[in-house]
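Asker: need a 3D model of the sequence below.
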Amino acid sequence: MGNASSMLTQYDIEEVQEHCNNLFSQQEIVSLYERFCQLDRSAKGFISADEFLSVPEFAMNLLSQRLLKMVDGLNFKDFVSFLSAFSAKASVAQKIELIFKVYDSDYNGKVTFNDILEVLRDLTGSFMSDKQREEVLSQLLQEAGYSRESSLLLGDFIKILDKPGLKMEVEVPID
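Answerer: From the prediction side, this is the model:
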């Protein structure tokens, strides 16, 4: 499983479906496999950062460098698992978990004031000064009951972001 010359077996499809908590149908997994094989140009069985950058929507994303750290070297099973957060069937908590991983750049399971500040810098560029970013972030954390010194865990992120009316509608087109 994982290179263009091989085909998915029913067992492979079911295994991948289970790995991604059944967020994709079997047909969607087959479509994702076809896309994976297109991206895996050298048929190595995994996708490199450069191959991911060949997707225009990915390359244009302001957080693409952070996302590249998460996706570089993914095999097909992990590729589908990564994309499962973008499924229409994914829960808000699953989507928030992906956001948490984007912010947790050192993968220590905690997000600090500086981690969030780095993402804000990526997203706002020269539209905000460092001082403005720090003020906005300090205010946001204070309103949520945290301080600049707080280290946020995934549960904290879910508590802050899982609010009624919050929409996380980023989805990956399957076909």
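Asker: residue 90 contacts residue 84, doesn't it?
Answerer: Yes: between residue 90 and residue 84 there is a contact under CB atoms under 8 Å: 6.0 Å. Quick note: C-beta positions are derived from backbone N, CA and C, even for glycine.
Asker: what touches both of these two?
Answerer: residue 23 (CB atoms under 8 Å, 6 or more residues apart in numbering).
Asker: could you list the low-pLDDT ranges of the protein?
Answerer: By pLDDT under 70, the low-scoring segments of the chain are 1-6, 165-175.
Asker: hmm, try it at 80
Answerer: 1-6, 57, 59, 163-175 (pLDDT under 80).
Asker: now the helices for it?
Answerer: Ranges of helices in the chain, per DSSP state H, are 10-19, 26-39, 49-52, 56-60, 64-71, 76-83, 92-103, 113-124, 130-143, 154-161.
Asker: most neighbours per residue, which of the ones you listed?
Answerer: Highest mean neighbour count among the helices of the chain (mean count of other CB atoms under 10 Å): helix 76-83, with a mean of 20.
Asker: which residues touch it?
Answerer: Counting by CB under 8 Å, 6+ apart, the neighbours of helix 76-83 from elsewhere in the structure are 1-2, 15-16, 19-20, 24, 29, 32-33, 36, 45, 47, 70-71, 74, 98, 172.
Asker: cutoff 7 Å now
Answerer: Applying CB atoms under 7 Å, 6 or more residues apart in numbering, the contact partners of helix 76-83 are 1-2, 16, 19-20, 24, 29, 32-33, 36, 47, 70-71, 74, 172.
Asker: how much space separates the residue nearest in space to the middle of the chain from residue 91?
Answerer: The centre of the chain sits closest to residue 98, judged by CA atoms, centre = their mean, with a distance of 4.4 Å. Residue 98 is 11 Å from residue 91, where distance means CB to CB, to the nearest Å.
Asker: this completes my enquiry, with thanks.
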